[in-house]
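Asker: Sequence first, predicted model second:
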Amino acid sequence: MAGSAMNRGIAVRAALKAGVLGVFIGMIPLLGIVLTGAMAVYFYRRESRFVLPAALGARLGGAAGVVAFAINALLITIRIFVFHAQQEYIDLLTRFAHTVGANAADPDFQATIHNLFTPSGLAITFLFGMIFTVALSSVGGALASLFMRPRNTRV
């Protein structure tokens with residue numbers, strides 16, 4: 001296999017496996033997303049016995065990040081709209097804002113938090129969340145590709 005080619009069937013399976021596992025390890029803030037991309041490269045290498053270049057590792061990691069994000073977004077949307085957990089998320093964001101020192105009692109802040117849970121607010125939040133997730137998981141994929149490549153040993 002050439003250095004710039006990737007077996008798409010193996011890549012899809014690796015991205016899906018890592019994305020599903022990424023839902024669970026995504027509970028580790030930031031590091032879990034990076035590990036999701038790294039796991040995709042690990043699964044690809046384990047199945048194909050081929051070490052991906054960093055650019056392809058980043059693409060594969062990003063694909064795993066998209067899978068993990070899509071599953072998380074679906075679960076959050078179901079929880080908010082079906083189980084009516086909107087107020088729970090509003091309280092969570094208000095506590096977080098208070099923890100970081102923001103004035104959570106400000107009426108403008110309250111209006112902004114409530115606007116996040118409208119359909120357009122969720123769409124914008126999910127868009128930025130997906131960009132953030134794909135970027136971090138791409139970094140994880142690139143780093144895993146660099147760390148998993150064979151070392152040139154001199155005799």
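Answerer: Great, that's in hand. Numbering: from 1, shown residues only.
Asker: which other helices and strands contact the longest helix along the chain?
Answerer: Scanning the chain for the helix with the most residues, using DSSP state H, yields helix 119-148. Helix 119-148 makes packing contacts with helix 31-48, helix 54-81 when contacts are defined by 3 or more C-beta pairs under 8 Å, 6 or more residues apart in numbering; DSSP states H and E. C-beta coordinates here come from the backbone N, C-alpha and C atoms, glycine included.
Asker: Single out the most deeply packed of those helices.
Answerer: Highest mean neighbour count of the helices and strands packed on helix 119-148: helix 31-48, a mean of 23 (counted as mean count of other C-beta atoms under 10 Å).
Asker: could you give the angle of that one to helix 119-148?
Answerer: 50 degrees (axes from the mean of the first three to the mean of the last three C-alpha atoms, to 10 degrees).
Asker: wait, which of the helices and strands packed on helix 119-148 is closest to T125?
Answerer: With C-beta to C-beta as the criterion, T125 lies closest to helix 54-81 of these, at 9.5 Å.
Asker: pLDDT of that closest one, averaged?
Answerer: Throughout helix 54-81, pLDDT has a mean value of 94.
Asker: ditto for stretch 88-99
Answerer: If you average the pLDDT values across stretch 88-99, you get 86.
Asker: Check stretch 103-120 too.
Answerer: For stretch 103-120, mean pLDDT rounds to 86.
Asker: Span of it from start to end?
Answerer: 24 Å (C-alpha to C-alpha, to the nearest Å).
Asker: Tell me the buried residues in that stretch?
Answerer: The neighbour-count check on stretch 103-120 (16 or more other C-beta atoms under 10 Å) flags A104, I113, F117 as buried.
Asker: Likewise for stretch 10-24?
Answerer: Going by 16+ other C-beta under 10 Å, stretch 10-24 has these buried residues: I10, A11, A14, A15, K17, A18, G19, L21, G22, V23.
Asker: do the same with stretch 144-155
Answerer: By 16+ other C-beta under 10 Å, the buried positions in stretch 144-155 come out as A144, S145, M148.
Asker: now do stretch 126-144
Answerer: Quick answer for stretch 126-144 (16+ other C-beta under 10 Å): 126, 130, 133-144.
Asker: coming back round to it: identify, from the buried residues of stretch 10-24, the entry nearest to E47.
Answerer: I10 (5.1 Å).
Asker: Which helix or strand contains the closest one?
Answerer: Secondary structure from DSSP states H and E places I10 in helix 8-25.
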